[in-house]
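**Student:** coords please:
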Amino acid sequence: MATNQKHERNSGVIGPVPKKTDMAPEDRRHEVLTFMAEHRLALKPAAVYRNLSLHRHITFGQATVLNILQELTESGDMRRVDPDALGDRQLVDLAPDEGRGVYIVTEEGIERAQSLGV
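**Tutor:** Residues are numbered from 1 along each chain as shown. Sure, this is the predicted structure:
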């Protein structure tokens, strides 16, 4: 079985890309929540996915990250806010059908992540 090769820009080394394996849905949710709780940034779903891929070597795709962010928003662990309002230092929640938003962890989400062992 051949492995894919990936160039690591910072090291100048080409190494094998870890093969993606299945993660349990609760583990996926935990990865997203703990990442967002650790960094406390307002991020677009694609940026969450790219950073999880880069720093956590996640084994699930961008669509799954978006689904998890939506679930975490429904459970109160995350907020989906208007990116334009952030320029005015305001967190304005968006309805599910209101344009593209950015996600930011709530205090409840931070507390839940800490209880999970962040």
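
**Student:** Would you indicate which residues of the helix or strand where residue 71 lies are buried?
**Tutor:** Here residue 71 is covered by helix 62-74, with elements defined by DSSP states H and E. The neighbour-count check on helix 62-74 (16 or more other CB atoms under 10 Å) flags 64-69, 72-73 as buried. Yep, even glycine has a C-beta here, placed from its N, CA and C like the rest.

**Student:** Of those, just say which sits nearest to residue 52.
**Tutor:** Nearest to residue 52 among the buried residues of helix 62-74, counting by CB to CB, is residue 65 at 6.6 Å.

**Student:** burial of the nearest residue to residue 116 once chain neighbours are set aside, as a residue count?
**Tutor:** Distance criterion CB to CB, 6 or more residues apart in numbering; nearest residue to residue 116, sequence neighbours excluded, is residue 30 at 5.8 Å. As a burial measure, residue 30 scores 18 neighbours (other CB atoms under 10 Å).

**Student:** so how far is residue 81 from residue 30?
**Tutor:** According to CB to CB, to the nearest Å, residue 30 and residue 81 sit 23 Å apart.

**Student:** wait, what's in contact with residue 49?
**Tutor:** By CB atoms under 8 Å, 6 or more residues apart in numbering, the contact set of residue 49 is 58, 61-62, 65-66.

**Student:** Work out for me the element it sits within.
**Tutor:** Using DSSP H and E, residue 49 maps to helix 45-56.

**Student:** residues of that helix that come out buried?
**Tutor:** Buried residues in helix 45-56, counted by 16+ other CB under 10 Å: 45, 48-49, 51-52.
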